[in-house]
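Student: What follows is a predicted protein model with its sequence.
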Amino acid sequence: MKQTPLPQTQTQTQTQAQRQRLLALTPCERLEEGWAELALPVTHRCVRGPETGMAMVRGRMGGTGNAFNLGEMTLSRASVTLDDGAALGHGWVAGRDHRHAELIALVDACAHRPEWAERIDAELMAPLARELDAAREQASRTAAATRVDFFTMVRSE
Amino acid sequence: MYVAVKGGEQAIANAHRWLADRRRGDRERDALSVAQLAEQMNLAVDRVMAEASLYDPELAALALKQASGDLVEAVFLLRAYRTTLPRLAETVALDTGAMRLERRVSATYKDVPGGQVLGPTYDYTHRLLDFLQLADGEVPEPARAEQALEACPPILEQLDAEGLIERETDDGAEPYDITRDPPDFPVDRATRLQMLARGDEGYLLALGYSTQRGYGRNHPFAGEIRIGTLEVEIAVEECEAPVCIGEIALSECQMINQFAGSRDRAPQFTRGYGLAFGRNERKTMAMALVDRALRAEELGEPVQGPAQQPEFVLAHADSVEASGFVSHLKLPHYVDFQSELELLRRLRSAHGQPDGAEDSRETVDDGGKKKEPAVEQDTNESEQVSP
């Protein structure tokens, strides 16, 4: 789907937006599990939120035209700081799960340390990306099974 | 004379207690869980989200449970909850072409890139009651193809490339938001689409149907219907790129309608557009019909049917507003009604009098004037009693 290519020149690790996307698309329980396995020695506190509000979802007339306001969706956000340093992390996620937003922010904060960023990408992000791809592949194959194969009846007389 | 009447506190408390009991039903049976509703009544949940104008499946399922399945009540509950939340962001305008599709059909081309994909549809079912559902029969897993779906580019782009259909381009205009400022008629198309997107499905369906039956010129083809999920992004200060916050389910309908053109512009197909949260195919089809009908004036067509009258259509589309005003009729109107009773009695006593013809006409005129304070009383009374 919409994936920003890795900025190869700067760094081999993922960008904040790439991690944020994947973590927001991962169910919270799965993220909790992956975070626990990573076992980074870190404590943190929230400096904003976690809090829930809304985002106004905008559509486009005819799919490509001017924007219009379709309706709102619930959105939670959190910002955390690590206790041992000044690294600040932010997280946003659809819905009302404060813990999910906090975990995303926590991963973002930890990723500011290059050595942790590498571990996060390899041990957390990589398996999550594989799982998301697999789930989407499965969904797409389910849809593909309902694709119509047309055939023409030829009357022979 | 105006007298405020109080009372009924105990009756109301007991009524609500009974309501909770009725909602729960037989305690011998399992209670429905919100998670069950969200999954197994998912189309009802989607309709509640669309009409409440708030995407949150869990809350919509909760509203549905709390409302004992009354959709209009559930929409009201979710809409009311919505007012308690702050607005944190606006999303980047959706690119529905990037939707991960579960359904995509076109009535205008048989062979389209990506094909006709039916998805989990009620179409082609025989509408026979399935008694296996009564017996909780086993449900097999869905079939899966060997290969994933091919790319399914938006179908109207094919026509668009040839210039056969009016082009929809973004000039960057900031859309009006009816949740911030009340609509002031006449309203632009962005405002109309926002109002239609939260409009009652039954109402839009009836109006859309009316355009097909001749009340408003409309000769549409369902150019494309797309249902699926789409990633949503918001722009935030803390990150340079827009950030994805998750996925939502959407339904979209692109109607292709008959031509418009002018001396300077060759005739082109015109468009009607429908978009809604969740799996709401019927709603988006109706919305697309009504959207197109409401463009009559813009396209220089005669306004002949109710569906072509923006103020009529839009001012009555919201089920929360409509049910609120209809429901207020059951609130006490004791004083109001007394004044009408009094008037009627006077009319009737004048009716039997000799040379009453002129007199009674005068009485009617008096009554007409007296009606105004009565209306005022009505308002006072309603405010006194309504929550």
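Tutor: Nice, thanks for sending it over.
Student: Low-confidence ranges, the stretch 151-300 of chain B, go.
Tutor: For the stretch 151-300 of chain B, not a single residue meets the criterion pLDDT under 70.
Student: ugh, typo on my part, it should be chain A
Tutor: Low-confidence segments of chain A (pLDDT under 70): A:1-12, A:156-157.
Student: which residues in chain B form helices?
Tutor: For chain B, helices defined by DSSP state H occupy the ranges B:9-24, B:34-40, B:42-52, B:57-66, B:71-82, B:131-134, B:156-162, B:189-197, B:201-212, B:281-293, B:310-315, B:319-327, B:334-352, B:356-385.
Student: how far out from the middle of the chain is the first one?
Tutor: Averaged C-alpha coordinates place helix B:9-24 at 30 Å from its chain's average position (CA atoms, centre = their mean, to the nearest Å).
Student: can you tell me the average pLDDT over that helix?
Tutor: Helix B:9-24 carries an average pLDDT of 96.
Student: Output that helix as CSV, restricted to C-alpha atoms.
Tutor: Only the C-alpha atoms of helix B:9-24 are listed here, as CSV (Å, rounded to 0.1, in the frame of the first residue of the first chain):
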residue,chain,number,x,y,z
GLU,B,9,-39.3,11.7,39.0
GLN,B,10,-40.1,8.3,40.5
ALA,B,11,-42.1,7.2,37.5
ILE,B,12,-39.2,8.1,35.2
ALA,B,13,-36.7,6.3,37.4
ASN,B,14,-38.9,3.2,37.4
ALA,B,15,-39.5,3.4,33.7
HIS,B,16,-35.8,3.4,33.0
ARG,B,17,-35.3,0.5,35.4
TRP,B,18,-37.9,-1.4,33.5
LEU,B,19,-36.3,-0.5,30.2
ALA,B,20,-33.0,-1.9,31.5
ASP,B,21,-34.8,-5.1,32.5
ARG,B,22,-36.5,-5.3,29.1
ARG,B,23,-33.2,-4.8,27.3
ARG,B,24,-31.6,-7.6,29.3
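Student: ok, and what's touching it?
Tutor: Surrounding helix B:9-24, the residues in contact under the criterion CB atoms under 8 Å, 6 or more residues apart in numbering or on different chains are B:31, B:65, B:66, B:68. To be clear about C-beta, it is placed using only N, CA and C from the backbone, and glycine gets the same treatment.
Student: Okay, angle between it and helix B:57-66 too, please.
Tutor: Angle of helix B:9-24 versus helix B:57-66, following axes from the mean of the first three to the mean of the last three CA atoms, to 10 degrees, is 110 degrees.
Student: now, of the helices of chain B, which is deepest in the fold?
Tutor: Sort the helices of chain B by mean neighbour count, taking mean count of other CB atoms under 10 Å in any protein chain shown, and helix B:281-293 sits at the top with a mean of 27.
Student: Can you get me the centre-to-centre distance for it and its chain?
Tutor: From the chain centre to the centre of helix B:281-293 is a distance of 11 Å (CA atoms, centre = their mean).
Student: what do you get for stretch B:305-315?
Tutor: Between the centre of stretch B:305-315 and the centre of its host chain there is 14 Å, according to CA atoms, centre = their mean.
Student: Kindly check the end-to-end length of it for me.
Tutor: By CA to CA, to the nearest Å, the extent of stretch B:305-315 from end to end equals 16 Å.
Student: do the same with stretch A:79-98
Tutor: 11 Å.
Student: near chain B, anything from that stretch?
Tutor: Yes. Applying CB under 8 Å from any CB of the partner chain, one finds stretch A:79-98 touching chain B at A:79, A:90, A:92, A:93, A:94, A:95, A:96.
Student: follow-up on the earlier one: if we take the contacts of helix B:9-24, which one ends up nearest to residue A:127?
Tutor: Using CB to CB, residue B:65 is the member of those that sits closest to residue A:127, with 35.8 Å.
Student: Got the confidence number for that closest one?
Tutor: 98.
Student: Quick check, it in contact with residue B:35.
Tutor: No. With contact defined as CB atoms under 8 Å, residue B:65 does not reach residue B:35; the gap is 10.4 Å.
Student: And the helices of chain B: which comes nearest residue B:247?
Tutor: Distances from residue B:247 to each of these were compared using CB to CB; the shortest belongs to helix B:57-66, at 11.6 Å.
Student: Which elements pack onto the closest one?
Tutor: In terms of contact count using 3 or more CB pairs under 8 Å, 6 or more residues apart in numbering or on different chains; DSSP states H and E, helix B:57-66 is assigned the packing partners helix B:34-40, helix B:42-52, helix B:71-82.
Student: helices and strands around the first one, which ones?
Tutor: Other helices and strands packing on helix B:34-40, by 3+ CB pairs under 8 Å, 6+ apart, are helix B:42-52, helix B:57-66.
Student: how far out from the middle of the chain is that helix?
Tutor: Taking CA atoms, centre = their mean, the mean C-alpha location of helix B:34-40 is offset from the chain mean by 22 Å.
Student: Give the rounded mean pLDDT of that helix.
Tutor: Per-residue pLDDT over helix B:34-40 has a mean of 97.
Student: all strands of chain A, in order?
Tutor: For chain A, the strands defined by DSSP state E cover A:44-60, A:67-82, A:88-94.
Student: Residue B:114 is in contact with residue B:104, correct?
Tutor: Yes. Distance between residue B:104 and residue B:114: 6.6 Å, which falls inside the contact criterion (CB under 8 Å).
Student: Kindly point out which residues are neighbours of both of the two.
Tutor: Jointly contacting residue B:104 and residue B:114 under the rule CB under 8 Å, 6+ apart are residue B:152.
Student: quick one: which of the helices of chain B is nearest residue A:110?
Tutor: Nearest to residue A:110 among those is helix B:57-66 (29.0 Å), distances taken as CB to CB.
Student: With just CA atoms, put the closest one into PDB.
Tutor: Output for helix B:57-66, consisting of C-alpha atoms alone and laid out as PDB, is shown next (Å, rounded to 0.1, in the frame of the first residue of the first chain):
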ATOM      1  CA  PRO B  57     -17.000   0.300  15.900                       C
ATOM      2  CA  GLU B  58     -16.800  -0.600  19.600                       C
ATOM      3  CA  LEU B  59     -18.800   2.600  20.600                       C
ATOM      4  CA  ALA B  60     -21.300   2.100  17.800                       C
ATOM      5  CA  ALA B  61     -21.800  -1.500  19.000                       C
ATOM      6  CA  LEU B  62     -22.300  -0.300  22.600                       C
ATOM      7  CA  ALA B  63     -24.800   2.300  21.400                       C
ATOM      8  CA  LEU B  64     -26.600  -0.500  19.500                       C
ATOM      9  CA  LYS B  65     -26.800  -2.600  22.600                       C
ATOM     10  CA  GLN B  66     -27.800   0.200  24.800                       C
END
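Student: quick one: it to helix B:71-82, angle?
Tutor: Relative orientation of helix B:57-66 versus helix B:71-82 (the same axes, to 10 degrees): 130 degrees.
Student: And for helix B:57-66, what's in contact with it?
Tutor: For helix B:57-66, contacts defined as CB under 8 Å, 6+ apart pick out A:74, A:95-96, B:23, B:32, B:34-35, B:37-38, B:41-42, B:44-46, B:48-49, B:52, B:54, B:71, B:73-75, B:77-78, B:81.
Student: what does the stretch 251-387 of chain B have sitting close to chain A?
Tutor: Within the stretch 251-387 of chain B, the positions adjacent to chain A are B:252, B:254, B:271, B:273, B:275, B:276, B:277 by CB under 8 Å from any CB.
Student: a markdown table please, covering the residues you listed and showing neighbour count.
Tutor: Shown next, in a markdown table, are these (neighbours: other CB atoms under 10 Å in any protein chain shown):
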| residue | neighbour count |
| --- | --- |
| B:252 | 28 |
| B:254 | 28 |
| B:271 | 26 |
| B:273 | 26 |
| B:275 | 31 |
| B:276 | 31 |
| B:277 | 31 |
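Student: May I ask which two of these are separated the most?
Tutor: By the measure CB to CB, B:271 and B:277 form the most distant pair in those, at 20.9 Å.
Student: May I have the longest helix that chain A contains as PDB, with CA atoms only?
Tutor: Criterion DSSP H: the longest helix present in chain A is helix A:126-144. Provided in PDB are the C-alpha atoms of helix A:126-144 (Å, rounded to 0.1, in the frame of the first residue of the first chain):
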ATOM      1  CA  ALA A 126      10.400  -6.600  11.000                       C
ATOM      2  CA  PRO A 127       8.200  -9.400  12.300                       C
ATOM      3  CA  LEU A 128       5.200  -7.000  12.600                       C
ATOM      4  CA  ALA A 129       5.700  -6.000   9.000                       C
ATOM      5  CA  ARG A 130       5.700  -9.700   8.000                       C
ATOM      6  CA  GLU A 131       2.600 -10.400   9.900                       C
ATOM      7  CA  LEU A 132       0.700  -7.400   8.500                       C
ATOM      8  CA  ASP A 133       1.700  -8.400   5.000                       C
ATOM      9  CA  ALA A 134       0.600 -12.000   5.600                       C
ATOM     10  CA  ALA A 135      -2.800 -10.900   7.000                       C
ATOM     11  CA  ARG A 136      -3.300  -8.600   4.100                       C
ATOM     12  CA  GLU A 137      -2.300 -11.200   1.600                       C
ATOM     13  CA  GLN A 138      -4.800 -13.600   3.100                       C
ATOM     14  CA  ALA A 139      -7.600 -10.900   3.000                       C
ATOM     15  CA  SER A 140      -6.700 -10.100  -0.600                       C
ATOM     16  CA  ARG A 141      -6.900 -13.800  -1.600                       C
ATOM     17  CA  THR A 142     -10.300 -14.100   0.100                       C
ATOM     18  CA  ALA A 143     -11.500 -11.200  -2.100                       C
ATOM     19  CA  ALA A 144      -9.900 -12.700  -5.200                       C
END
